[in-house]
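> sequence-free structure coming up:
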């Protein structure tokens, strides 16, 4: 057993632990999570020699790519991030070999979610979807693996059930037109932490910054775009006074059996651009219209 634990291995599985829970889920990929420092260069008097000293350590963000093979605690963490409530958590990223034996781990402390990127949704694309999540820890330590078996999340079998084509898009007042939304572009929610040094502490303290909600961009066939064009003509081009209460809606994602995976509810929405697709006499594709919409808030609802 000791000889096997010392052998080189291909890290085929990566797991996440949060606040002592070992079955949070498995990643598709992971990068970052390193620790580096700036080199301080100095010279003494008239000497020609150059000397170096190590500065304070800098802890890199951990960037993970995940599907639906994560358990409820992880998605609850994501949901609080969407509300602008960055909860700090301690945990670990565990690397395991092909047989799910733990071979190495990186423990992180006081970590916050700082960025979430959702993939493009496309009614013609049946491939699996994954979202990118950036975790910003204050400190990271390395440790060898215990060679124990990973506890697989019960959601592991749902990893490939989130397909790009299984979604619907809703917007108040445009219920009929939204039935034919064919694509939704990828978008990113950010809340970059602000780091500052405290006294003689080697690691800086990270404080959450302002949350930034993206614009949503979706596409409809030109034949179904008139309600959006009419709205754009009335308020953007015509300059009429907008209603006091702005629009709201949601994006629902489903598995292959039409069971709900999660819902993104957005509010404070307003259309600010409607662009017709390029016209080409040699093209046989359906002509689309791109609609750009700003939103003031987005909430993540996990269907457990």
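Received, thanks. Model, not experiment: these values are computed from the prediction.

> what segments of the stretch 151-300 of the chain are helices?
Taking DSSP state H, counting those that start in this stretch as the test, the helices found in the stretch 151-300 of the chain are 175-178, 226-231.

> in JSON lines: the ones you listed, plus mean neighbour count.
C-betas here are computed from N, CA, C, even on glycine. Below are the helices of the stretch 151-300 of the chain laid out as JSON lines (neighbours: other C-beta atoms under 10 Å):
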{"stretch": "helix 175-178", "mean neighbour count": "14"}
{"stretch": "helix 226-231", "mean neighbour count": "16"}
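
> show me the contacts for residue 260.
252, 253, 254, 303 (C-beta atoms under 8 Å, 6 or more residues apart in numbering).

> run a quick neighbour tally on the last one.
Read that as residue 303. 13 (other C-beta atoms under 10 Å).

> so what pLDDT did the residue lying closest to it once chain neighbours are set aside get?
Distances taken as C-beta to C-beta, 6 or more residues apart in numbering place residue 260 nearest to residue 303, at 4.1 Å, with adjacent residues excluded. Turning to residue 260, the model gives it a pLDDT of 89.

> quickly list what residue 260 is bridged to.
residue 254 (DSSP bridges).

> flag the shaky bits of this structure, pLDDT-wise.
Applying pLDDT under 70 to the chain picks out residues 1-6, 9-12, 23, 69, 151-160, 199, 304.

> for it, longest helix please?
helix 72-82 (DSSP state H).

> got a list of contacts for it?
By C-beta under 8 Å, 6+ apart, the surrounding residues in contact with helix 72-82 are 16, 18-19, 21, 24-25, 66, 86-87, 89, 112-113, 116, 133, 189, 191, 262, 298-302, 304.

> any of those residues buried? List them.
16, 18, 21, 24-25, 66, 86, 89, 112-113, 116, 133, 189, 191, 262, 298, 300, 302 (16 or more other C-beta atoms under 10 Å).

> among those residues, name the ones in strands.
Residues of the buried ones among the contacts of helix 72-82 located in strands (DSSP state E): 16, 18, 21, 24-25, 66, 89, 112-113, 116, 133, 189, 262, 298, 300, 302.

> closest to residue 224 among these?
For those, the residue nearest residue 224 by C-beta to C-beta is residue 298; the value is 24.4 Å.

> how about the nearest residue to that closest one, chain neighbours excluded?
residue 266 (4.8 Å).

> check residue 264 too.
Residue 264 sits nearest to residue 251 (C-beta to C-beta, 6+ apart), 4.4 Å away.

> quick check, the one you found in contact with residue 262.
No. Counting by C-beta atoms under 8 Å, residue 251 does not reach residue 262; the two are 9.0 Å apart.

> show me what the residue nearest the centre of the chain is bridged to.
By C-alpha atoms, centre = their mean, the chain has its centre lying nearest to residue 116, at 2.3 Å. On the basis of DSSP bridges, residue 116 is bridged to residue 133, residue 189.

> check which residues of stretch 136-151 are buried.
Those would be 136, 137, 138, 139, 140, 145, 150, for stretch 136-151 by 16+ other C-beta under 10 Å.

> now for the residues you listed: which two are most distant?
Using C-beta to C-beta, the buried residues of stretch 136-151 reach their maximum pairwise distance at 138 and 150, which is 25.7 Å.

> re the thing from before, of the contacts of residue 260, closest to residue 48?
Nearest to residue 48 among those is residue 253, at 64.0 Å by C-beta to C-beta.

> how many neighbours does that closest one have?
Look at residue 253: counted by other C-beta under 10 Å, it has 21 neighbours.

> that one contacts residue 165, doesn't it?
No. At 10.2 Å, residue 253 and residue 165 do not qualify as touching, with contact defined as C-beta under 8 Å.

> which neighbours do these two share?
residue 121.

> how near is the nearest residue to residue 197 once chain neighbours are set aside to residue 14?
In this structure, residue 197 finds its nearest non-sequential neighbour in residue 204, 5.1 Å apart by C-beta to C-beta, 6+ apart. Going from residue 204 to residue 14 by C-beta to C-beta, to the nearest Å gives 27 Å.

> now residue 201
Distance from residue 201 to residue 14, by C-beta to C-beta: 30 Å.
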